[in-house]
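>>> model the following, please.
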Amino acid sequence: MSAPTNEASAAEEKKAPKLILFDLDESLRQAWDGCLFVVVVLVCVVVPLRIGFLINEWKYWLPFDIITDIFLWVDILVVTITSVEIDGEVMRDRETIIKTYLHSWFLLDFASALPFEVVALFTTVYSPLYRANRLLRIARLTYYFSLWEKSTSLKPSVIRIFKSTFVILFMAHFIGCLFFLLILLEGDRATMDFTGSVDIHNKDLGSKYIRAFYWSFVTMTGYNNTNPHTKEEHFFSIAVTMIGISLFATIIGTVGSLVTNLDSSALYFRQKMDSINDYMKYKRIPQDLQNDVRNYYAYLWKSGKGLDKNKVLDDLPPYLKNKMSVILNSEIIKKVPLFQQCKDDTEFINEIGKCLKARVCLPNSFVVRKGEVGNEMYFIARGELNVVADNETVVFTLKDGGFFGEIALLYDTKRTASIVARTYCDMFVLTKEDFKKVMKRFPQQSKGIKEIAHERFKNIIEKEKEEKEKQDKEGEEGDASQGPRSRRQSGGDDESNPTDSKPPLPSKRMSAASNPLSPPTKTGSGSQGEEEEEPRQWSPKNTPPPLPPPAPSNG
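The predicted model follows:
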């Protein structure tokens, strides 16, 4: 009976109308939060200004007030249709969303949006204090900053420095507005010793605000160049000084530590380079090798701020590490002909990706040399490498996304060419040992890979044979063309042609034959009338056969 009940409930859920739901990480929701952040900042600037300077002209500010109030009320609606995250689980149930909102930000949001200006309709007197409740939205700024830290790629230290700067400027603005409000409330009792300006009441709004902002900033730092006279001025100056010193001490310490953290990786890199330089100097390493080591670490710092690319993901849980390896390596793995049959097998590709290890090569350094036994396959992530022939000519250039050495994973073959890094190269290496472990885990895929590898290896062997035959043929043709030329040159001063020369004297043949292991020697007396035999490289084929044993005597 439970199955039909579940089906019925699922059908009811499908039929039930659903309002639009936003996710916290959705781009549209983030754009709305950005707009509301700007609105709240404007409210925090305008409302204290209107209250502190007693700006009662409501008609001029009416469009601004209406637009900001619409944003504040719409935000309450948007929050009720946005999913919430509870203990890592995204909740899209409407009842859960509303209940969570009621227990968190609803009261503050609702109170900050109430239009107390309605009171002015009955009293016929407008005061900017009616909009003071909008300042409750200041608390929401901490929420927006926390969302910004989660969603942006900027360093948290940069965001905290920006937040600290925002707090200082807002406090200076707020205290400056209170400073001028105190002057207005005191009237004629406010002397120039406290205001710091002559006839400040009759100046324009800009001049008033600059003087008030300057006084608040200077007093917050503890340096007060004005003399209070009344009790109100004394209490206000003391309170501002205490708040300012506490705030600046906290923020300066925080900003100092944040700036240090911003440069912590650079400090670690400099300390590491100092220790490496001291070690190389102590061991008297050649200067060229020292420069190569420094260039290597300088490139590591430039490309990854000195991070070890093989260990940077070690702290991640396995499922996140797998996702990262898939994104970083899957496309380049699928291009390899050996893995063409398995390119749709995500599990196999992921396992290969986890075995890849990062490696960096400096320019003009050999990655592999011809004749070495290969045990690794290389994937090029960034950079260029040259395939170099025996005569040091560049045959081919490998670029981003290229690979080489795949046959070495299955066969103990020698490298058929040398490969030299042309630029700084970021590569991933797959070793034969790691590949064999993957093959044991995936026996079905290994069969297809071995078949492809066998065909490719067979083609490579045939190609090598053809090249060798071609080289031998060219060598024979070269020897044939050089032979007659050398004989003509050597026989020009002889009395007879070498082809018509007589065989050597028996005594000389007998002397050569008397020692079968001795190499043939040059014959001839050295005179112009006799011919000198050409030198020959000794080999068992050139050794004359030994003389037959003497016949047994009849005695």
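>>> the residue lying closest to residue 115 once chain neighbours are set aside: how many residues sit nearby?
Take residue 115 and drop its neighbours on the chain: the residue closest to it by C-beta to C-beta, 6 or more residues apart in numbering is residue 69, 6.5 Å away. For the C-beta atoms, the positions are set from N, CA and C on the backbone; glycine is no exception. Taking other C-beta atoms under 10 Å as the criterion, the count of residues near residue 69 is 19.
>>> and residue 69, what's its pLDDT?
Here, the pLDDT recorded for residue 69 equals 93.
>>> is it in a helix, a strand, or coil?
With DSSP: H, G, I helix; E, B strand; the rest coil as the basis, residue 69 sits in helix.
>>> that one and residue 160: what is the separation?
Remark: distance between residue 69 and residue 160 (C-beta to C-beta, to the nearest Å) = 31 Å.
>>> equivalent analysis for residue 293, please.
As for residue 293, its distance to residue 160 is 37 Å (criterion: C-beta to C-beta).
>>> what strand or helix carries residue 419?
In this structure, residue 419 sits in strand 418-421 according to DSSP states H and E.
>>> ok, that strand: who's next to it in the sheet?
According to DSSP bridges, strand 418-421 forms sheet pairs with strand 366-368 (antiparallel), strand 385-388 (antiparallel).
>>> following the shortest one, which helix or strand comes up?
Going back to what we said before, that points to strand 366-368. Counting by DSSP H and E, the element after strand 366-368 in chain order, helix or strand, is strand 376-382.
>>> could I get the CA-only coordinates of that following strand as CSV?
What follows is strand 376-382, C-alpha atoms only, in CSV (Å, rounded to 0.1, in the frame of the first residue of the first chain):
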residue,chain,number,x,y,z
GLU,A,376,56.9,7.1,-18.7
MET,A,377,54.3,8.8,-20.9
TYR,A,378,54.1,12.6,-21.1
PHE,A,379,51.1,14.9,-21.5
ILE,A,380,51.8,18.6,-22.4
ALA,A,381,49.6,21.0,-20.4
ARG,A,382,51.5,24.2,-21.5
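>>> could you give me the average pLDDT of it?
In this model, strand 376-382 has an average pLDDT of 88.
>>> and the contacts of that strand?
Residues from elsewhere that reach strand 376-382 (C-beta atoms under 8 Å, 6 or more residues apart in numbering): 329, 332-333, 336, 356, 359, 367-368, 398-406, 408-409, 424-432, 435.
>>> mind listing what's buried in that strand?
Across strand 376-382, burial judged by 16 or more other C-beta atoms under 10 Å covers 376, 377, 378, 379, 380, 381.
>>> now stretch 160-179
In stretch 160-179, counting by 16+ other C-beta under 10 Å, buried: 160-161, 163-164, 168, 170-179.
>>> looking at those residues, spot the one nearest residue 443.
Closest approach to residue 443 among these (C-beta to C-beta): residue 160, at 53.3 Å.
>>> which elements pack onto the helix or strand where that closest one lies?
Using DSSP H and E, the element containing residue 160 is helix 156-186. Applying 3 or more C-beta pairs under 8 Å, 6 or more residues apart in numbering; DSSP states H and E, one finds that helix 156-186 contacts helix 27-52, helix 140-151, helix 205-220, helix 231-262.
>>> packing partners of the shortest one?
Same thing as helix 140-151. Secondary elements touching helix 140-151 (3+ C-beta pairs under 8 Å, 6+ apart): helix 27-52, helix 156-186.
>>> cool, the first one as well?
Applying 3+ C-beta pairs under 8 Å, 6+ apart, one finds that helix 27-52 makes contact with helix 58-80, helix 140-151, helix 156-186.
>>> got a pLDDT number for residue 352?
At residue 352, the pLDDT value in this model is 86.
>>> and residue 465, which of the three is it?
Three-state call for residue 465 (three-state DSSP): helix.
>>> residues contacting it?
By C-beta under 8 Å, 6+ apart, residue 465 has no neighbours at all.
>>> tell me how far it lies from residue 407.
Taking C-beta to C-beta, one finds residue 465 at 16 Å from residue 407.
>>> same question, residue 78
Going from residue 78 to residue 407 by C-beta to C-beta gives 59 Å.
>>> next one: residue 399
21 Å.
>>> what do you get for residue 361?
Distance from residue 361 to residue 407, counting by C-beta to C-beta: 21 Å.
>>> one step back: export the strand holding residue 419 to PDB, keeping only CA atoms.
Only the C-alpha atoms of strand 418-421 are listed here, as PDB (Å, rounded to 0.1, in the frame of the first residue of the first chain):
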ATOM      1  CA  SER A 418      65.200  13.000 -28.500                       C
ATOM      2  CA  ILE A 419      62.700  15.600 -27.300                       C
ATOM      3  CA  VAL A 420      63.900  18.900 -26.000                       C
ATOM      4  CA  ALA A 421      61.900  21.600 -24.300                       C
END
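>>> ok, and what's touching that strand?
361-370, 383-388, 398, 404.
>>> and that strand, how far from the chain's centre?
Distance of strand 418-421 from its chain centroid, counting by C-alpha atoms, centre = their mean, to the nearest Å, is 25 Å.
>>> use 53 as the first number from now on
Taking 53 as the first residue, the last one we looked at is strand 470-473.
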